[in-house]
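Asker: Here is my input; please provide its structure:
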Amino acid sequence: MRLFRNVLSALLVAVLGLGVAATVPTAAVAASEPKRLIEEEDPNDNRVGFNAFKLKGVITQAVLDPLTGQPAIDPLTGLETYVPYADGKVKLQKKKCKKCSWKNVKKLRTNDSGKFKTRIYAPRQGRWKWRVYVKASDGYGTTIGKRWTAAFR
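Answerer: Here you go, the predicted structure:
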């Protein structure tokens, strides 16, 4: 009976060990996914109202090599080729305090040239932090834009 229990526990440990080992490489692969590029204009330069600012930006992504899944290199220039993130989903997130978590405020879409625009607001007292977030999809990793602070001065 003791021998049966020892053999059964050894098999259980081996199966669980293989399960843990199989999940580790997938996390490493997800970390190596290429990111999209988010280029944003400073919203403080585009004031729309007394507490509103216009946030504009362009999102581009590198052309991926179908075999490796990594950005393809142009043989003539030796550089990566970028295309716009056309009709892509973008989320606008807001953080109200230092220890607060990021909350989704608005869902945006990019146009055919990868451009997006929206308004961000400042509170009457205190400050809010804003950022643009693009979820991982189509072989690209999650990409987060710059953090912008909106406040009255």
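Asker: Spell out which helix or strand contains the residue lying closest to residue 85 once chain neighbours are set aside, please.
Answerer: Distances taken as Cβ to Cβ, 6 or more residues apart in numbering place residue 59 nearest to residue 85, at 4.0 Å, with adjacent residues excluded. In this view, the C-beta of every residue, glycine as well, is placed from N, C-alpha and C. Residue 59 belongs to strand 52-62 when assigned by DSSP states H and E.
Asker: and if you look at residue 149?
Answerer: Assigned by DSSP H and E, residue 149 falls in strand 148-151.
Asker: Relative to residue 120, how far out is residue 42?
Answerer: 12 Å (Cβ to Cβ, to the nearest Å).
Asker: between the two, which one's more packed in?
Answerer: residue 120 (23 against 11; other Cβ atoms under 10 Å).
Asker: Residue 130 is in contact with the more buried one, correct?
Answerer: Yes. Residue 120 is in contact with residue 130 according to Cβ atoms under 8 Å; the separation is 4.7 Å.
Asker: List the residues that are in contact with both of the two.
Answerer: 43, 55, 92, 94, 148, 150 (Cβ atoms under 8 Å, 6 or more residues apart in numbering).
Asker: and residue 6, how many residues sit next to it?
Answerer: Residues lying near residue 6 (other Cβ under 10 Å) number 10.
Asker: Quick check: what element follows the helix or strand hosting it along the chain?
Answerer: Using DSSP H and E, residue 6 maps to helix 2-31. Using DSSP H and E, the helix or strand that follows helix 2-31 towards the C-terminus is strand 37-40.
Asker: Could you spell out the sheet neighbours of that following strand, each with its direction?
Answerer: strand 52-62 (antiparallel) (DSSP bridges).
Asker: how distant is the strand it pairs with from the center of its chain?
Answerer: Relative to the chain's own centre, strand 52-62 is displaced by 14 Å; criterion: Cα atoms, centre = their mean, to the nearest Å.
Asker: thinking again about what came up before, residues of the strand holding residue 59 that come out buried?
Answerer: Using 16 or more other Cβ atoms under 10 Å as the test for burial, strand 52-62 gives 53, 55, 57-62.
Asker: Against which helices or strands is the helix or strand just after that strand packed?
Answerer: Proceeding N to C from strand 52-62, the next assigned helix or strand is strand 82-84, under DSSP H and E. On a contact count with 3 or more Cβ pairs under 8 Å, 6 or more residues apart in numbering; DSSP states H and E, strand 82-84 meets strand 52-62.
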